[in-house]
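K.L.:
Predicted model, plus sequence, below.
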Amino acid sequence: MPSTLRTAVSGLRPSRWLAGLWRNPDFLKLWGSLTITHFGGQITFLALPLTAALLLNASALEVGILTAMGALPYPLFGLFAGVLVDRAKKLPVIVAMDVGRGLALLAIPFCAWFGVLTMPLLYAVNFFVGLGSVIGWPAYQVFMTERVGRANLVEANAKIGVADSAAQLVGPGIAGALIQALTAPFAILVDAMSFFVSAWMLRGIPARETDAPKARRRAVGREIREGVAAIWRNPTLRALVWSIGLWQMFRHAFVAIVVIFGARVLGFSAGHVGLLFMAAGVGSLMAANITERLNRRYGMGPTMLAGMAGSGVAWLVVASAAGPAWMASAIFGAGLFLLDLTAMVFFINYLSLRQAATPDPLLGRVTATMICLTVATAPLGGLGGGWIAEHWGLRTAMTLLAVGPLALVPLVLRFTPLGLIRELPQPQEPAMTESLAEETTF
């Protein structure tokens with residue numbers, strides 16, 4: 001290599017960009033598969049409510065029910081998912097759930113092609129996609145923790161945040177273009193294909209001895225109680241459950257109405273909505289790059305709670321979008337930017353705290369149980385957001401929802417230790433170790 005070229009390459013310091021988990025091949029496959037499904041998810045996020053609202057002329061309440069159906073599997077099956085994750089090898093579970101969600105989504109373009117698409121079908125598809133997420137996501141979380149180690153959790157979640165940010169930065173624009181060109185039902189075909197590609201990628205991860213199931217075959221009820229008890233005994237996990245659960249209720253109410261707010265109240269086309277949602281990706285990408293620095297300066301707990309409060313401010317900004325098209329677009333986009341900036345900071349720290357505070361032998365059950373408990377309120381949020389929008393209007397509904405996170409943060413500061421957390425805690429091992437699996441994760 002000529003000396004000038006060698007100097008130029010060394011000046012770029014490629015080792016700086018390929019450091020840490022970027023050198024972990026298992027993490028790269030996990031990160032790549034999640035990036036692909038995040039891109040596909042951006043399409044369905046826009047296309048599903050637009051299919052209901054524009055093609056099937058659904059009411060705000062019906063769109064709220066659609067959102068609720070996607071979250072309903074969490075309270076119904078979340079506790080059992082934890083037992084399944086601890087009893088099974090994680091990677092086959094993740095692959096199976098990817099394939100299942102892809103097949104469920106294929107039903108939408110198939111039925112649209114034959115002219116038999118209905119709201120009950122959309123409800124069913126969203127329910128089964130949610131069911132796949134209930135089982136697949138905790139398995140993914142545990143598998144990732146096993147492969148990267150606890151010490152790398154913040155880095156791993158930040159890099160996953162980059163993947164989500166990239167998807168939100170580019171995905172909505174692609175989604176809007178696809179919806180404009182193919183119509184919403186057929187754009188969902190791309191999301192279905194993303195799950196199949198993800199499953200194919202993950203099959204290439206080699207097995208390890210640590211992949212073996214960690215739980216004994218015992219009564220399901222007993223194993224569920226162990227997961228719940230581990231959360232109840234840990235002040236950090238207990239505080240996360242109720243605070244995140246309340247926040248999720250407000251969030252899902254917002255998700256239920258934000259797309260149709262843009263389409264019906266502001267008069268934006270699908271492509272226009274997609275372009276504005278790209279602003280959310282900018283905020284998310286920024287959050288993924290600043291969270292660790294904010295944690296070092298202010299502490300994990302205060303940073304996470306600031307992100308929670310910021311989401312309420314962002315919803316107020318989105319709800320205030322009005323005026324000429326350029327002004328409404330600017331306000332709507334600014335609100336989405338602020339929302340994903342604050343919510344991503346919040347979620348990176350939430351996921352890291354949840355994983356770090358959980359004892360190894362209970363990681364699968366606690367992860368799935370916490371997902372179940374924190375998202376159990378989401379169906380109420382979807383229904384509530386749709387009902388309020390149906391009776392009081394979309395703008396009023398969004399304004400009322402913004403009050404929730406702003407009122408929640410003082411309660412969390414007053415009644416939980418989350419505001420005092422400066423760094424990742426050590427897991428509190430259960431008092432009755434004889435009831436746990438003999439093998440630990442790593």
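P.N.:
Thanks, I have the structure now. Treat the numbers as computed from the prediction; the structure is a model and nothing was measured.
K.L.:
When you work out contacts or count neighbours from here on, use the C-alpha atoms and nothing else.
P.N.:
OK.
K.L.:
who touches the residue lying closest to Asp98 once chain neighbours are set aside in this structure?
P.N.:
Once its chain neighbours are removed from consideration, Asp98 has its nearest residue in Phe195; the separation is 5.0 Å (C-alpha to C-alpha, 6 or more residues apart in numbering). Counting by C-alpha atoms under 8 Å, 6 or more residues apart in numbering, Phe195 touches Ile36, Thr37, Gly40, Asp98, Val99, Arg101, Gly102.
K.L.:
Cys372 versus Phe186, what's the distance?
P.N.:
With distances defined as C-alpha to C-alpha, to the nearest Å, the gap from Phe186 to Cys372 amounts to 31 Å.
K.L.:
Likewise for Ser320?
P.N.:
Between Ser320 and Cys372 the distance is 33 Å, computed by C-alpha to C-alpha.
K.L.:
Pick out whichever of the two has more residues nearby.
P.N.:
Between Ser320 and Cys372, counted using other C-alpha atoms under 10 Å, the more crowded position is Cys372 (27 against 17).
K.L.:
wouldn't that one be in contact with Phe80 here?
P.N.:
No: if you go by C-alpha atoms under 8 Å, Cys372 and Phe80 don't touch, sitting 9.4 Å apart.
K.L.:
ok, Gly115 - contacts?
P.N.:
Applying C-alpha under 8 Å, 6+ apart, one finds that Gly115 lies in contact with no residue.
K.L.:
Which helix or which strand is home to Gly388?
P.N.:
In this structure residue 388 is Ile, not Gly. Using DSSP states H and E, Ile388 falls within helix 378-392.
K.L.:
Return the distance of the closest residue in space to Ser59 that isn't next to it in sequence relative to Thr358.
P.N.:
Of all residues beyond its chain neighbours, the one nearest Ser59 is Ala53 (6.8 Å), with distances taken as C-alpha to C-alpha, 6+ apart. When distance is defined by C-alpha to C-alpha, Ala53 is 42 Å away from Thr358.
K.L.:
Any stretches of the stretch 151-300 of the chain with poor pLDDT?
P.N.:
For the stretch 151-300 of the chain, applying pLDDT under 70 flags the ranges 151, 154, 161, 165, 168, 209-220.
K.L.:
ok so, going back, okay, buried residues for the helix or strand encompassing the residue nearest to Asp98 please.
P.N.:
With the criterion set as DSSP H and E, the secondary-structure element containing Phe195 is helix 184-202. Buried residues in helix 184-202, counting neighbours by 16 or more other C-alpha atoms under 10 Å, are found at 184-199, 202.
K.L.:
what sits against the residue lying closest to Tyr74 once chain neighbours are set aside?
P.N.:
Spatial nearest neighbour of Tyr74, chain neighbours left out: Cys372 (4.8 Å); criterion: C-alpha to C-alpha, 6+ apart. The neighbours of Cys372, taking C-alpha under 8 Å, 6+ apart as the test, are Tyr74, Pro75, Phe77, Gly78, Leu79, Val134.
K.L.:
One more: Leu117?
P.N.:
The neighbours of Leu117, taking C-alpha under 8 Å, 6+ apart as the test, are Ile108, Cys111.
K.L.:
at 6 Å what do you get?
P.N.:
For Leu117, the set of contacting residues under the criterion of C-alpha atoms under 6 Å, 6 or more residues apart in numbering consists of Cys111.
K.L.:
and it, helix, strand or coil?
P.N.:
Assigned state for Leu117: coil (three-state reduction, DSSP: H, G, I helix; E, B strand; the rest coil).
K.L.:
Please report how far Glu226 lies from Pro359.
P.N.:
Counting by C-alpha to C-alpha, the gap between Glu226 and Pro359 amounts to 11 Å.
K.L.:
Neighbour count: Ala53 and Thr358, which is higher?
P.N.:
Using other C-alpha under 10 Å as the criterion, Ala53 and Thr358 rank with Thr358 on top: 26 against 20.
K.L.:
Kindly state the pLDDT recorded for that one?
P.N.:
Thr358 carries a pLDDT score of 76 in this model.
K.L.:
For the nearest residue to Ala270 once chain neighbours are set aside, list the residues it contacts.
P.N.:
Taking C-alpha to C-alpha, 6+ apart, and ignoring the residues beside it in sequence, Ala270 has Gly176 as its nearest neighbour in space, at 5.2 Å. For Gly176, the contacting residues are Ala270, Gly271, Gly274, taking C-alpha under 6 Å, 6+ apart as the criterion.
K.L.:
With Ala71 instead?
P.N.:
Residues Ala378, Pro379 are the ones in contact with Ala71 under the rule C-alpha under 6 Å, 6+ apart.
K.L.:
Give me the pLDDT for it.
P.N.:
Predicted confidence (pLDDT) for Ala71: 90.
K.L.:
helices or strands up against the longest helix anywhere in the chain?
P.N.:
Among the segments of the chain that qualify as a helix by DSSP state H, the longest is helix 325-356. With contacts defined as 3 or more C-alpha pairs under 6 Å, 6 or more residues apart in numbering; DSSP states H and E, helix 325-356 has these neighbours: helix 153-182, helix 270-298, helix 300-319.
K.L.:
Starting from that helix, tell me the next helix or strand along the chain.
P.N.:
According to DSSP H and E, the helix or strand after helix 325-356 is helix 363-375.
K.L.:
can you give me the mean pLDDT across that next one?
P.N.:
78.
K.L.:
Phe39 - nearest residue in space that isn't next to it in sequence?
P.N.:
Spatial nearest neighbour of Phe39, excluding adjacent residues (C-alpha to C-alpha, 6+ apart): Ala167 at 4.7 Å.
K.L.:
The stretch 1-150 of the chain: helices as residue ranges?
P.N.:
Secondary structure of the stretch 1-150 of the chain by DSSP state H, counting those that start in this stretch: the helices cover 3-12, 14-17, 25-50, 60-71, 73-87, 90-113, 119-148.
K.L.:
which of the ones you listed sits most buried?
P.N.:
When neighbours are counted by mean count of other C-alpha atoms under 10 Å, the highest per-stretch mean among the helices of the stretch 1-150 of the chain falls to helix 60-71, a mean of 26.
K.L.:
pretty sure Gly386 contacts Ser59?
P.N.:
No: taking C-alpha atoms under 6 Å as the definition, Gly386 is not a contact partner of Ser59, at 8.4 Å.
K.L.:
Would you mind telling me which of those two has more residues around it?
P.N.:
Looking at Gly386 and Ser59 with other C-alpha under 10 Å, you find the greater number of neighbours at Gly386, namely 30 against 17.
K.L.:
Next, the contact list for that one, please.
P.N.:
Contacts for Gly386 (C-alpha under 6 Å, 6+ apart) come out as Ala60, Leu61, Gly64.
K.L.:
Is it possible to get TSV of these that adds pLDDT and distance to Asp340?
P.N.:
Shown next, in TSV, are the contacts of Gly386 (pLDDT from 0 to 100; distance: C-alpha to C-alpha, whole Å):
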residue	pLDDT	distance to Asp340
Ala60	90	24
Leu61	92	25
Gly64	93	21
